[in-house]
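Student: here is a sequence together with a model predicted from it:
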Amino acid sequence: MEPPAPKKAKLGAGGASKPSNKASKPKAIRGAAAEAAGEAAVRDYLERFQRPCNCTQLWENTRKIVSKSNIQLALNRLVAAGIVAEKQYQNGKVSLYYANPDAMAAKHGAPAPDELCDMVFDDVPKMLVEADALKVQALKLERRAAALGREPTNAALDAALRSAATAAVDAPGAERRDAELAARVEVLASRTWVEPRQLAEAKAAHDAALAKWKTLRRVVRDVADVCAETTDDDVDVAHLAGVFTDREAGVAGPDPVPFGAA
């Protein structure tokens, strides 16, 4: 029997052999380097994609850079080190692995859940006291601004003086207008009127205090929301720490006074 004829190579244009389109598979790492390579590949994949996988999925998703047994050994070491968490199902027959949130927080410098709880019960009350002080200051500034808004400006007083000067002396009510004019002149002489610069300074101080108070209130609410995500659903951390909205607390601030009305 004659041996089979050798297969002919596929030739391209000009008689050259065609290159193969199949991508070469990466060779699995063997030996002592497989231990470090397996741990690095598993940790990088779990931290990057943030989803649970079993050993077979991790082996395939890391492009089989090491053997499947090395992937399992790497998972065992990472679980023991607290870097990876394990969740077992079906009485331990199925194990899913995912990046440990506490280890991720420590790696990126974020506070751990215990630190967040300490922040809620230690730092938040201090912030609430400061927020209350700022709220009182803001209310005082609002009342001062409202009082300044009701004061006549120099332009309004000048207009009133000109109007009184041109009024007829013998017109009805001339004595009353003269008394009003005398009172306004007395105000001008005592220099108790409000200048535009004073009005602008009071408005700027009011806006700054109110903005700081709103920022602090927003920070307190954000901290409470972050802490609430790490606690049970039936625990309202914001209310437990004494953080309420104005509507929940039954607080109604004074009506805003337009500064341009002066």
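Tutor: That came through, no problem. Numbers count the residues shown, from 1 in each chain.
Student: OK, contacts around Pro196?
Tutor: Counting by Cβ atoms under 8 Å, 6 or more residues apart in numbering, Pro196 touches 153-154. All C-beta spots, glycine's among them, are computed from the backbone N, C-alpha and C.
Student: can you do 7 Å?
Tutor: Residues counted as contacts of Pro196 (Cβ atoms under 7 Å, 6 or more residues apart in numbering) are Thr153.
Student: and the helices in this structure?
Tutor: For the chain, the helices defined by DSSP state H occupy 33-49, 55-61, 68-80, 101-107, 113-118, 124-150, 154-166, 174-190, 196-229, 237-240, 246-249.
Student: just give the nearest non-adjacent residue to Cys53, would you?
Tutor: Tyr97 (6.1 Å; Cβ to Cβ, 6 or more residues apart in numbering).
Student: wait, the one you found sits on Val84?
Tutor: Yes. Counting by Cβ atoms under 7 Å, Val84 is a contact partner of Tyr97 at 5.3 Å.
Student: mind listing the shared neighbours of the two?
Tutor: Common contact partners of Tyr97 and Val84 (Cβ under 7 Å, 6+ apart): 46, 75.
Student: in terms of contact, does Tyr98 touch Leu46 like I think?
Tutor: Yes. Assessed by Cβ under 7 Å, Tyr98 is found in contact with Leu46 at 6.1 Å.
Student: give me the more crowded residue out of the two.
Tutor: Legend: neighbour count by other Cβ atoms under 10 Å for Tyr98 and Leu46, higher for Leu46 (24 against 16).
Student: OK, contacts around the residue nearest to Val42 when sequence neighbours are not counted?
Tutor: Setting aside the residues directly before and after it, Val42 is nearest to Ala74 in space (Cβ to Cβ, 6+ apart), at 5.0 Å. By Cβ under 7 Å, 6+ apart, the contact set of Ala74 is 38-39, 42.
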